[in-house]
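K.L.:
Show me how the following folds:
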Amino acid sequence: MSRRPHLTSRGQIFLGLGLVVVVIGTLFGYPDLTRVGVLVACLPLLAVVVGWRPAPPLNVRRQVHPALVASARPAHVELTFQGRGSRLSALQIAEEQLDPRLGAGPRFLLPRMDPGERHTVSYRVASAERGAHQLGPVQLERRDPFGLTTRSIAVAGTTDLVVLPPVDPLGADRVHGGGLGREGQVPHMVALHGEDDVSIRAYRDGDDLRRVHWPTTAHRGELMVRQEDRPARRRAVLLLDSRAGAYRAAPAAFEWAVRAVASVAVHLARDGYAVHVVGAGHPGDTELGAILRDLALVSPTTEELHPLVRDAHTLTTEGAVVVAVVSDQDPESVLAVPAVRSPGSLGVAFVLDTASFAGADGEPSGLTALFSAAGWRPHTIRDGDTVPGAWAAATHGAGHLRAMAGAGP
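P.N.:
Numbering: from 1, shown residues only. Presented below is the predicted three-dimensional model:
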């Protein structure tokens with residue numbers, strides 16, 4: 001998009017001064033002075049006319065390293081300008097347009113470039129706020145040699161920089177209790193989507209119908225089931241309460257929830273768990289990079305909690321470590337969450353006191369007692385609580401957690 005040329009402050013001064021000189025020369029009968037005034041007044045007008053001439057186009061290529069960056073860590077951006085057309089480009093100022101959360105856009109002076117010639121500039125950018133931040137488009141500003149007029153041209157093309165949510169270290173303690181019966185046992189049901197080393201074979205009598213692979217069954221016309229080539233990894237299911245209504249008065253509480261889920265996901269993935277996050281992205285994804293990207297882009301939605309509980313329950317039927325981060329708003333919607341934990345599995349619940357995040361005092365919701373009665377390890381989260389502190393409080397002695405065999409659902 002190109003803007004028409006307009007007068008700069010200097011051009012406006014020249015135009016005004018020229019008109020004043022013309023008036024003075026005419027009133028006092030000095031024709032030479034009048035001619036000088038006309039010349040001075042015509043200079044900016046002539047510059048505007050010349051400014052309508054289209055400038056030789058430029059190509060802009062943008063590279064971001066890395067494209068996924070940790071919170072508050074800098075990313076390196078390279079802009080490569082290449083001359084096009086059949087003539088030398090003009091001297092121009094390039095300004096990168098940035099998402100306001102990234103700060104002011106950098107400005108560069110571009111030299112005159114021959115067709116095909118390249119010029120590369122770079123800058124660094126960082127943000128403590130998670131999400132996708134837009135880089136671009138580039139705004140080119142061209143001035144005439146006298147600085148009387150300026151013209152701006154926006155060069156199409158943008159790139160997103162994804163800032164991951166903050167991740168807090170949760171210590172070196174290992175978490176146990178992710179299988180059925182005894183510590184260290186792992187579930188044998190592979191996730192419905194996303195885990196590796198799964199083969200398809202024909203159905204045999206006695207096979208669990210939950211292993212049926214319906215796309216292959218429909219294709220071949222006979223029942224086909226999944227069969228893992230090697231034992232499945234221990235599983236952890238993280239449930240993020242993403243109801244928009246639960247955080248309307250306390251958006252900071254939702255950011256705490258996202259930070260907690262990201263920190264626990266990294267902690268358990270490094271401990272060898274196949275981590276599933278329900279409430280951000282696809283529940284079947286177990287690749288840590290994809291999980292963190294989904295958490296970087298997640299925002300409160302109008303979706304109710306019940307579908308998320310149903311998805312989480314599908315993943316925990318044969319045992320998994322379960323971590324739920326829920327809001328205390330509309331407690332009736334949270335009543336089904338405790339049933340997600342399978343008997344014999346570890347369940348950790350963070351109940352967000354949203355009133356404290358909004359700077360008010362609220363009545364206890366009773367959800368902590370509900371989770372505790374269902375065999376979970378609950379902890380109430382208030383404004384100012386840290387994720388490592390909450391994790392340590394909810395999993396006291398996490399390095400020696402027993403498998404909770406025989407615990408009720």
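
K.L.:
what is the rounded mean pLDDT of stretch 33-49?
P.N.:
Looking at stretch 33-49 alone, the average pLDDT works out to 90.

K.L.:
Show me the contact partners of that stretch.
P.N.:
Applying Cβ atoms under 8 Å, 6 or more residues apart in numbering, the contact partners of stretch 33-49 are 5-7, 11-12, 14-15, 17-26, 144, 146, 148-149. (Each C-beta comes from the backbone N, C-alpha and C, glycine too.)

K.L.:
Show me which positions of it end up buried.
P.N.:
Under the neighbour-count criterion of 16 or more other Cβ atoms under 10 Å, stretch 33-49 has T34, G37, V40, A41, L43, P44, L45, A47, V48 buried.

K.L.:
Any stretches of the protein with poor pLDDT?
P.N.:
In the predicted model of the chain, residues 1-3, 56, 176-198, 205-208, 227-233, 397-409 satisfy pLDDT under 70.

K.L.:
Name the nearest residue to F14, sequence neighbours excluded.
P.N.:
Spatial nearest neighbour of F14, chain neighbours left out: P44 (4.9 Å); criterion: Cβ to Cβ, 6 or more residues apart in numbering.

K.L.:
element containing the one you found, please.
P.N.:
For P44, the host element (DSSP states H and E) is helix 31-51.

K.L.:
hmm, back to that, please tell me how far the residue nearest to F14 sits from L19.
P.N.:
11 Å (Cβ to Cβ, to the nearest Å).

K.L.:
What of A128?
P.N.:
Here A128 is placed at a distance of 52 Å from L19 (Cβ to Cβ).

K.L.:
quick one: which of these two has more around it?
P.N.:
Shown here are A128 and L19; by other Cβ atoms under 10 Å, L19 has more neighbours (14 against 10).

K.L.:
Tell me if the more buried one really is in a helix.
P.N.:
Yes - according to DSSP: H, G, I helix; E, B strand; the rest coil, L19 belongs to a helix.

K.L.:
Please name the spatially closest residue to it (chain neighbours excluded).
P.N.:
A41 (5.4 Å).

K.L.:
and what of G362?
P.N.:
A355 (2.9 Å).

K.L.:
which residues of the stretch 251-400 of the chain fall in helices?
P.N.:
Ranges of helices in the stretch 251-400 of the chain, per DSSP state H, counting those that start in this stretch, are 251-270, 288-297, 305-315, 354-357, 367-373, 387-394.

K.L.:
Present those helices as CSV; the columns should include distance to R112.
P.N.:
As requested, these are exported to CSV (distance: least, Cβ to Cβ, whole Å):
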stretch, distance to R112
helix 251-270, 47
helix 288-297, 41
helix 305-315, 58
helix 354-357, 55
helix 367-373, 67
helix 387-394, 53
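
K.L.:
Surely the residue nearest to G362 touches D361?
P.N.:
Yes - using Cβ atoms under 8 Å, A355 makes contact with D361 at a distance of 6.2 Å.

K.L.:
which of these two has more neighbours?
P.N.:
A355 (19 against 8).

K.L.:
give the contact list for that one.
P.N.:
By Cβ under 8 Å, 6+ apart, the neighbours of A355 are A250, D328, D361, G362.

K.L.:
10 Å instead, please
P.N.:
Applying Cβ atoms under 10 Å, 6 or more residues apart in numbering to A355 gives the contacts A249, A250, A253, D328, Q329, D361, G362, E363, S365, R382, D383.

K.L.:
Measure how buried the residue nearest to H379 when sequence neighbours are not counted is and give me the count.
P.N.:
Of all residues not flanking H379 in the chain, A394 sits nearest, at 4.0 Å (Cβ to Cβ, 6+ apart). The local packing of A394 (other Cβ under 10 Å) involves 19 other residues.

K.L.:
who's in contact with A394?
P.N.:
V323, G347, V348, A349, F350, W376, R377, P378, H379, T380, I381.

K.L.:
From those, which land in strands?
P.N.:
V323, G347, V348, A349, F350, R377, P378, H379, T380, I381 (DSSP state E).

K.L.:
Report the beta-bridge partners for A132.
P.N.:
When bridges are called by DSSP bridges, A132 pairs up with V162.

K.L.:
A90 and Q139, how far apart?
P.N.:
From A90 to Q139 the distance is 15 Å (Cβ to Cβ).

K.L.:
again but with V351, I slipped
P.N.:
48 Å.

K.L.:
Looking at the two, which is more packed in?
P.N.:
V351 (26 against 18).

K.L.:
how close does the more buried one sit to T380?
P.N.:
In terms of Cβ to Cβ, V351 sits 5 Å off from T380.

K.L.:
Sounds good, over and out.
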